[in-house]
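K.L.:
Any chance you can model this:
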Amino acid sequence: MLANPSYIQKFSYISCSVPDRADYIVDDDSNEDNDDEQSDIVGLALNLAYVSEKHVEGLKLGQGGLAEIVVPKTPKAADKAQ
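P.N.:
Sure thing, here's the model as predicted:
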């Protein structure tokens, strides 16, 4: 979807392959350290439809973009053996 220039424009998406892409991204806060997150969120949101629910259940989006990603804990190999 993000290979289509029409969608790139509609989603205001700037690919991570664009040099100095943060210089082209304008968001609604004064924090210049999180400008990349605007485009990262677009890519993530568009791909969520293809990710299983168990892999995204700990994903928390908030102000500032990717506020927190909680990776579900998997049992250790030693725990499985018991």
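K.L.:
I'd say Q38 and D27 touch.
P.N.:
Yes: between Q38 and D27 there is a contact at 4.8 Å, judged by C-beta atoms under 8 Å. Every C-beta, even on glycine, is put in place using the N, C-alpha and C of the backbone.
K.L.:
neighbours around L46, how many?
P.N.:
14 (other C-beta atoms under 10 Å).
K.L.:
Same question for A3.
P.N.:
Count around A3 with other C-beta under 10 Å applied: 7.
K.L.:
ok, back up a step: shared neighbours of Q38 and D27, which are they?
P.N.:
Counting by C-beta atoms under 8 Å, 6 or more residues apart in numbering, Q38 and D27 have no shared contacts at all.
K.L.:
Checking K54 next. Helix, strand or coil?
P.N.:
Here K54 is helix, with the state taken from DSSP: H, G, I helix; E, B strand; the rest coil.
K.L.:
Mind pulling up the pLDDT for it?
P.N.:
Per-residue confidence at K54 stands at 79 (pLDDT).
K.L.:
With S12 instead?
P.N.:
Confidence score, pLDDT, at S12: 81.
K.L.:
pretty sure it is in a helix, no?
P.N.:
No: applying three-state DSSP, one finds S12 to be coil, outside a helix.
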